[in-house]
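# requesting a structural model of the entry that follows:
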Amino acid sequence: MAESKTPVSTPEEKGQVINDPAGTNIDPLAEKELLRKCDLRILPPLFILFLLAFIDRVSIGNAKIQGLEKDLHMSGSDYNIALFAFFPTYILFEIPSNLVLKKVAPSIWLSSIMLLWGIVTVGMGLVRTFGGLVAMRVLLGLFEAGIFPGCVYLISMFLTPHKQTFWTLMIDRYYKRYELQWRLSLFFASSIIAGGFGGLFAFAIAKMDGIGGYGGWRWIFIIEGLLTIFFGALSFFWITDWPETSAFLTPTQRTLLLTRLSTDTGPATMNRLDKSAAKRTFRDPKIYLGTLMYLGVVNTGNAGSFFIPTIIREMGFTSAAAQIRSIPIYVVATVTSLITAWLTDRLRHRYAFCMFGLVVASIGYIILLAQDNLSTGVKYFALFLIVPGGFITQPVAIVWLSNLVSGHYKRSVSSAMQVGFGNIGGIVASNIFLSSQAPKYPVGYGVSLGLLWVCGAACTVMFFLVRWENAKRERGERDYRLEEVDADNLGDDHPGFRLTT
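Alright, predicted model coming up:
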């Protein structure tokens, strides 16, 4: 990825700015060392944070098959209600949390909310009623709301100059656009790993059943919560803060970081949030298409995490076997997601990879919708298509929209809308797998399949919209924007900016 000189971009270099005037000389060895240092210092603690966040969020699926419903006298749709309770506060408080993060050091804010959701997770293991469980899920959504956008924002702080505002991908602040997918997918892989090894962890913890008078499902929450509290305290010292104050970078490296990133977008900036910038942002169809993309595919990720253990158990396996058999599914999902990330960055292309993941997952859903005369092995194989397929598309959809917008404020809004409103897909996932329809779940599989192709339709419209817009810029049909009063604040509307396909 290192380059001896910042290139003068050509029209074919999608996502680049044409005729970058900087011509900045960059030492490739120094750049390589900078990237290595950023990778080793930034990603590991955030990986652990998101891993634990996802484990604590979805461990209710493992607790369910270990006696949660029986002990709390749950019936009917009670489990779905408990799942649903997490999402309203999770969605509503994502933006406020990042507003606080903008004012407070990441090491303080992220560690604090981690401690709080760890305490809540322990509380889930101590509740005695269904109402208490719902209350804990509401609080869990509140405190976890800031983790995904906050971690991604922190990484993005090292991608673009320091004026980047809240909600811009943190990974974006350290890395160029075509260095981003690999890093985000590494970070995102923590949630995939949590889906698989969270089951193994829960299986081991559940063997504590009866100790202290607590059922195995209670110990799942208690142990995982205590582990989260431990890492929350450790994170005060482990998480790095903003690029301009990070002690792990030398002054020379900070200068190099800002230099290489400023040449990545060139004049396609948006540093003022005025009326014109607001119009350009909220009238941009790319943001709404990106939100639909994420909403359509995130349902599959959430549904898998909540219901995979139950689905496997209802194929005829014991609870213990269901936990163990979920692990290979997520191992495959992790590997395919990372291979996809490497390829899509290297090829500088997103659309085909999004569609490939959707097709793979769709085949899995179709198999399960037609499962009447199928063997258990075939139905189990379908899960190896659904989960990896969804996790191929989901991180690529996030990065694609990030690549398509430029400018601090616009990227802030776009990522907020995509992740915030897109998580409505999680609400859908929590309500479509009804216990009354077990083990076939026709509504769950059917709605999930339909949502995948909401994502697919949005991806396809985005692809052709981007090609159409790039062609107009090639012909000089957007050059008139350079004469407008806000020519220095156009963001990705700048005629020299090429949109990623």
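
# switch to C-alpha atoms for all contacts and neighbour counts from now on
OK.

# where does pLDDT dip in the stretch 251-400 of the chain?
261-272 (pLDDT under 70).

# residue boundaries of the helices in it?
Along the stretch 251-400 of the chain, the segments classed as helices by DSSP state H, counting those that start in this stretch run 251-265, 275-282, 285-313, 319-347, 351-369, 376-404.

# gap between the helix or strand following the last one and the chain center?
The first helix or strand that comes after helix 376-404 along the chain, using DSSP states H and E, is helix 408-422. On the basis of C-alpha atoms, centre = their mean, to the nearest Å, helix 408-422 is displaced by 12 Å from the centre of the chain it belongs to.

# repeat for stretch 212-220
31 Å.

# so what touches it?
Contacts to stretch 212-220, defined as C-alpha atoms under 8 Å, 6 or more residues apart in numbering, come from residues 59, 62-64, 66-68, 124-126, 202, 205-210.

# one more time with 10 Å
Stretch 212-220 is contacted from outside by 56, 59-60, 62-69, 71, 121-127, 198, 201-211, 222, 225, using C-alpha atoms under 10 Å, 6 or more residues apart in numbering.

# ok, of those, which come out buried?
For the contacts of stretch 212-220, a burial check counting by 16 or more other C-alpha atoms under 10 Å picks out 56, 59-60, 62-69, 121-127, 198, 201-203, 205-206, 208-209, 222, 225.

# what's the neighbour count on residue 446?
16 (other C-alpha atoms under 10 Å).

# what about it, which helix or strand?
helix 442-474.

# so which bits of that helix are buried?
442, 444-449, 451-460, 462-463, 465-466, 469-470, 473-474.

# for that helix, the distance to its chain's centre please.
For helix 442-474, the distance to the chain centre is 18 Å (C-alpha atoms, centre = their mean).

# mind saving the C-alpha coords of stretch 39-49 as PDB?
Extracted in PDB, the C-alpha atoms of stretch 39-49 (Å, rounded to 0.1, in the frame of the first residue of the first chain):
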ATOM      1  CA  ASP A  39      -2.600  -1.300  13.500                       C
ATOM      2  CA  LEU A  40      -0.900  -2.700  16.600                       C
ATOM      3  CA  ARG A  41      -1.900   0.100  18.900                       C
ATOM      4  CA  ILE A  42      -5.400   1.000  17.800                       C
ATOM      5  CA  LEU A  43      -7.200  -2.200  16.700                       C
ATOM      6  CA  PRO A  44      -6.500  -4.800  19.500                       C
ATOM      7  CA  PRO A  45      -8.300  -2.900  22.300                       C
ATOM      8  CA  LEU A  46     -11.200  -2.000  20.100                       C
ATOM      9  CA  PHE A  47     -11.400  -5.600  18.900                       C
ATOM     10  CA  ILE A  48     -11.800  -6.800  22.500                       C
ATOM     11  CA  LEU A  49     -14.300  -4.100  23.300                       C
END
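
# picking that back up, which one, of the helices of the stretch 251-400 of the chain, ends up nearest to residue 418?
helix 285-313 (4.1 Å; C-alpha to C-alpha).

# by contact count, what packs against that closest one?
helix 28-64, helix 177-205, helix 319-347, helix 351-369, helix 376-404, helix 408-422, helix 424-432, helix 442-474 (3 or more C-alpha pairs under 10 Å, 6 or more residues apart in numbering; DSSP states H and E).

# closest to residue 294 out of the ones you listed?
helix 408-422 (5.3 Å).

# and residue 176, how many neighbours does it have?
Residue 176 has 22 nearby residues by other C-alpha under 10 Å.

# low-confidence ranges in the chain?
1-25, 152-175, 243-244, 261-272, 408-409, 412, 485, 487.

# next up, phi/psi of the nearest residue to residue 436 once chain neighbours are set aside, please.
Distances taken as C-alpha to C-alpha, 6 or more residues apart in numbering put residue 76 closest to residue 436, at 7.3 Å, once the chain neighbours are dropped. Dihedral pair for residue 76: phi 60, psi -120, per degrees, to the nearest 10.

# which residues touch residue 76?
Contacts of residue 76 (C-alpha under 10 Å, 6+ apart): 434-436.

# who wins for most neighbours among the residues you listed?
residue 434 (19 neighbours).

# might one say that that one is in contact with residue 441?
Yes - contact criterion C-alpha atoms under 10 Å: residue 434 and residue 441 qualify, at 6.9 Å.

# from residue 142, how far off is residue 390?
For residue 390, the distance to residue 142 equals 26 Å [C-alpha to C-alpha, to the nearest Å].

# follow-up on the earlier one: closest to residue 257 out of the helices and strands packed on helix 285-313?
helix 28-64 (7.6 Å).

# go through that closest one and flag the buried ones.
Neighbour-count burial for helix 28-64 [16+ other C-alpha under 10 Å]: 31, 34-35, 38, 41-43, 45-64.

# quick one, it and helix 285-313 angle?
Orientation check (axes from the mean of the first three to the mean of the last three C-alpha atoms, to 10 degrees): helix 28-64 against helix 285-313 gives 50 degrees.

# run through who's touching the helix or strand just after helix 28-64.
Scanning forward in sequence from helix 28-64 by DSSP H and E, the next helix or strand is helix 68-71. Applying C-alpha under 10 Å, 6+ apart, the contact partners of helix 68-71 are 60-64, 74-75, 78-79, 125, 128-130, 133, 215-218.

# let's see 8 Å
By C-alpha under 8 Å, 6+ apart, the list of residues contacting helix 68-71 reads 75, 79, 217-218.

# same question for stretch 359-378.
315, 379, 381-390, 440, 442, 445-446, 448-449, 452.

# repeat that with 7 Å
315, 379, 382-383, 385-387, 389-390, 442, 445, 449 (C-alpha atoms under 7 Å, 6 or more residues apart in numbering).

# repeat for stretch 301-314
For stretch 301-314, the surrounding residues in contact (C-alpha under 7 Å, 6+ apart) are 58, 61-62, 65, 195, 319, 322-323, 326, 387, 390-391, 426, 429-430, 439.

# closest one of these to residue 27?
residue 391 (35.8 Å).

# burial count for that closest one?
Residue 391 has 30 nearby residues by other C-alpha under 10 Å.

# in this structure it contacts residue 337, no?
Yes - assessed by C-alpha atoms under 7 Å, residue 391 is found in contact with residue 337 at 6.0 Å.

# number of residues surrounding residue 317?
Counted with other C-alpha under 10 Å, residue 317 comes out at 16.

# next one: residue 131
Around residue 131 there are 13 other residues, counting by other C-alpha under 10 Å.

# which helix or strand contains it?
helix 130-144.

# tell me what that helix is packed against?
helix 78-92, helix 106-124 (3 or more C-alpha pairs under 7 Å, 6 or more residues apart in numbering; DSSP states H and E).

# just put those helices in CSV and tack on distance to residue 255.
Below are the helices and strands packed on helix 130-144 laid out as CSV (distance: least, C-alpha to C-alpha, whole Å):
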stretch, distance to residue 255
helix 78-92, 36
helix 106-124, 21
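
# mean neighbour count, the ones you listed: which tops it?
Across the helices and strands packed on helix 130-144, the average number of neighbours (mean count of other C-alpha atoms under 10 Å) peaks for helix 106-124, which reaches a mean of 23.

# which helices and strands does it pack with?
If you count contacts as 3+ C-alpha pairs under 7 Å, 6+ apart, helix 106-124 packs onto helix 130-144, helix 216-238.
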